[in-house]
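Novice: Sequence plus predicted model, see below.
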Amino acid sequence: MTNENESKQEIKNPLKDNKSIDLSGIMNIAGSLLKNPEVLNTVSDVMKLTNNGHETTKKPEELQDNTIPVLQKQIAEMNQQIIDLQNQIIKNNEELKELILKMQSSLEKRKWWF
């Protein structure tokens, strides 16, 4: 039986050893673990605690599945808002140009009167 210090020395840090970390493998393992109801319930309980006690109605795997499409929808909506704002700016600029031209014309006419 090894003592605590010996077991700590056996653990290698992949970042210090310049070894790559297989994130997809880690995610696959995590996904497999979440299929176990006991693990899923424990993770859900932890998430409730870390969410200031507010319970979410979705399980962690549902949250993960929905995150990317929800973000993509939000990005699409924001892009549309940007396009709408750009169009409004273009319209406002055109109106300003027309007003400036009218003012210049009015000033030119007044010069001739004096």
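Specialist: Arrived safely.
Novice: after the lowest-mean-pLDDT helix or strand in the chain comes which helix or strand?
Specialist: Least confident helix or strand of the chain, by mean pLDDT, DSSP states H and E, is helix 4-10 with a mean of 49. Next in sequence after helix 4-10, counting helices and strands by DSSP states H and E, comes helix 23-34.
Novice: helix or strand right after that following helix?
Specialist: Defined by DSSP H and E, the subsequent element after helix 23-34 is helix 37-50.
Novice: Buried residues of that next one, list them for me.
Specialist: 43-44, 47 (16 or more other Cβ atoms under 10 Å). Quick note: C-beta positions are derived from backbone N, CA and C, even for glycine.
Novice: Quick one: work out the angle between the helix or strand just after it and helix 23-34.
Specialist: Using DSSP H and E, the helix or strand that follows helix 37-50 in sequence is helix 60-113. Between helix 60-113 and helix 23-34, the angle comes out at 120 degrees (axes from the mean of the first three to the mean of the last three Cα atoms, to 10 degrees).
Novice: Output the contacting helices and strands for helix 60-113.
Specialist: helix 23-34, helix 37-50 (3 or more Cβ pairs under 8 Å, 6 or more residues apart in numbering; DSSP states H and E).
Novice: want to throw those helices into CSV with distance to residue 80 and mean pLDDT?
Specialist: Formatted as CSV, these follow (distance: least, Cβ to Cβ, whole Å; pLDDT from 0 to 100):
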stretch, distance to residue 80, mean pLDDT
helix 23-34, 32, 80
helix 37-50, 32, 78
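Novice: Now do the contacts for residue 106.
Specialist: By Cβ atoms under 8 Å, 6 or more residues apart in numbering, the contact list for residue 106 is empty.
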